[in-house]
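A.B. asks: structure, please.
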Amino acid sequence: MSGTDKAKNKVEQASGTIKEKIGDATNDRSLQAEGKTDQVKADLKDAGEKVKDAFKH
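C.D. replies: You can find the predicted model right below:
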């Protein structure tokens, strides 16, 4: 996994967590959902990178 992709995934994960927490605090369900979606997307991208790395070796 390239370092850049890994860093981007971590930033997206953190961003999603922050959005979800703000949505919780403000009772904004759409922001909560957006945060969860960002987290899932980051997790899927991370998993895809790991699969690519596994096939390289």
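A.B. asks: hey, where'd the helices end up in the protein?
C.D. replies: All helices of the chain, identified by DSSP state H, fall at 3-26, 29-56.
A.B. asks: could those helices be laid out in a markdown table, adding mean neighbour count and mean pLDDT?
C.D. replies: C-beta coordinates here come from the backbone N, C-alpha and C atoms, glycine included. As requested, the helices of the chain are arranged in a markdown table below (neighbours: other Cβ atoms under 10 Å; pLDDT from 0 to 100):
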| stretch | mean neighbour count | mean pLDDT |
| --- | --- | --- |
| helix 3-26 | 14 | 93 |
| helix 29-56 | 14 | 92 |
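A.B. asks: what separation is there between the nearest residue to residue 43 once chain neighbours are set aside and residue 51?
C.D. replies: Nearest residue to residue 43 in three dimensions, chain neighbours excluded: residue 13, at 7.2 Å (Cβ to Cβ, 6 or more residues apart in numbering). Distance, residue 13 to residue 51, using Cβ to Cβ, to the nearest Å: 18 Å.
A.B. asks: ok, now how distant is residue 27 from residue 52?
C.D. replies: If you go by Cβ to Cβ, the gap between residue 27 and residue 52 works out to 40 Å.
A.B. asks: with residue 46 instead?
C.D. replies: Distance from residue 46 to residue 52, counting by Cβ to Cβ: 11 Å.
A.B. asks: how close does residue 7 get to residue 46?
C.D. replies: Distance from residue 7 to residue 46, by Cβ to Cβ: 11 Å.
A.B. asks: list the contacts of residue 45.
C.D. replies: Contacts for residue 45 (Cβ atoms under 8 Å, 6 or more residues apart in numbering) come out as 5, 8, 9, 12.
A.B. asks: distance of residue 44 from residue 36?
C.D. replies: Counting by Cβ to Cβ, the gap from residue 44 to residue 36 is 13 Å.
A.B. asks: how far away is residue 12 from residue 4?
C.D. replies: 13 Å.
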